[in-house]
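Asker: Take a look and give me a structure for this.
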Amino acid sequence: MQISRTLARQMEHSSWIRRMFEIGLQLRRERGAENVFDYSIGNPDLEPPAAVMAALRRIAAENRPRSHAYMPNAGFPEVRATMARRLAERSGIPFTGDDILMTTGAAGAINTILKAILDPGDEVIILTPYFPEYRFYIENHGGRVVTVETDEQFQPDPARIARAVTPRTRALILNSPNNPTGVIYSEKVLGEVNRVLPDPVLVICDEPYRPLTFDGAVTPEAVRIFDRAVIAWSWSKAMAIPGERIGYLALPPHLPGIAQLRGACTVANRILGYINAPAIWQWVVDAVPEVTVDVAHYQARRDLLCDALESMGYDAPRPQGAFYVFPKTPIPDDIEFIGLLQQEGILAVPGTGFGRGGYMRLSLTITRDAIERSLPGFERAIAAARSPVGQALSRTGASLR
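Answerer: Here you go, the predicted structure:
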């Protein structure tokens, strides 16, 4: 059976994150799970908070009438009203339940808004390094991906963004705290970006990591800064429930043509096949919308890993949020260096997979014990990369794998 050319191409360029995940399964079979240190995928190892599980048990036990039936495609009105009140209090924008669409995670929210606004050939700007699935989301709806480099601190570069805008530009996707860098975009820079974006460019604020910040850092309220912005939200990371696929799309009431946009997004949610967000999980997040995992666990792992890597000679800046570290690789060829780590049983994702070569992403969703046991492997890998053989192979592009 022949598959589509588009999907065949996407499979060929499939995410490095998933590729390393599959390699990890093979290494576990070969070496034993205790000898593999998987930093590749952002799959929370923390269990959901007790309050979340208590709400789930209570709501399932209640089994209210038609608990498992269809509801309006945008979600239960009561749940949407709760999210609107929460957003209004936080942002100062007068959201109402009509402005909220419950979705199957932030991915569902992003695909829904892109379906609603893109015609074939329309352009969407993403900032490098970027979450690689954005490419597929944009291409799902006939859009064209336009990548724009961030600055040396991974902050958005307003001048570069301005130069990338064309008459076909429909949206800019922003992800802060950022995957893969852990950087929080500053309020000053976001304000400058807003000033260079012409009407009708829409900013899609992808915010699944908003509550996961370190050292008291606060994520600026981007939807308040931008003239035209929407929020794609997910509880996947905040509550450690990525398999439950629950989030929302928030459409500020001041957006031009808001009534038409609400209707378009609701129809898009249905015809994309989502139909509606999972019913029980809508009621769970309605009951405990603000509950999150204890971020101190991730911060402690960040400090342990960054301190150790820096002592070995890695350039490993501390992330401000999310749960990733994005160090430079000690040789320019990040894929080559990932191969050296793989020999040590360490799975990392090359920066090339995020559009920024010469770096690697390490996920902090790994136990403290595993981090500690992996450190000798990191030390051997950097020593191998700095050896005359490693330097020569890096210059010639030969592979150590």
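Asker: Give me the domain ranges for the protein.
Answerer: In terms of domains, the chain is parsed into 5-48+294-396, 64-287 (source: automatic domain parsing).
Asker: Find the nearest non-adjacent residue to residue 304, please.
Answerer: residue 371 (5.7 Å; CB to CB, 6 or more residues apart in numbering). C-betas here are computed from N, CA, C, even on glycine.
Asker: Show me what the strand or helix carrying that neighbour is packed up against.
Answerer: Assignment of secondary structure by DSSP states H and E places residue 371 within helix 368-386. When contacts are defined as 3 or more CB pairs under 8 Å, 6 or more residues apart in numbering; DSSP states H and E, helix 368-386 packs onto strand 37-38, helix 296-312, helix 334-343, strand 346-347, helix 388-396.
Asker: Kindly format the C-alpha coordinates of stretch 287-304 as CSV.
Answerer: Output of stretch 287-304 as CSV, limited to C-alpha atoms (Å, rounded to 0.1, in the frame of the first residue of the first chain):
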residue,chain,number,x,y,z
ALA,A,287,-11.3,20.8,40.3
VAL,A,288,-7.5,21.4,40.7
PRO,A,289,-6.4,23.8,37.9
GLU,A,290,-3.4,25.3,39.8
VAL,A,291,-1.9,22.1,41.2
THR,A,292,1.6,21.3,39.9
VAL,A,293,4.4,18.9,40.6
ASP,A,294,7.1,20.1,43.0
VAL,A,295,9.6,22.0,40.7
ALA,A,296,12.3,21.7,43.4
HIS,A,297,13.0,18.1,42.2
TYR,A,298,13.8,19.4,38.7
GLN,A,299,15.9,22.3,40.0
ALA,A,300,18.0,20.0,42.2
ARG,A,301,18.7,17.8,39.2
ARG,A,302,19.5,20.8,37.1
ASP,A,303,22.1,22.0,39.7
LEU,A,304,23.6,18.5,40.1
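Asker: contacting residues around that stretch?
Answerer: Stretch 287-304 has contacts (CB atoms under 8 Å, 6 or more residues apart in numbering) with 44, 46, 48-49, 51-52, 55, 58-59, 82-83, 86, 211-215, 238-240, 318-319, 323, 325, 364, 366, 368, 371-372.
Asker: let's go with 7 Å and repeat that
Answerer: 46, 49, 51-52, 55, 59, 82-83, 86, 211-214, 238-240, 318-319, 323, 325, 364, 368, 371 (CB atoms under 7 Å, 6 or more residues apart in numbering).
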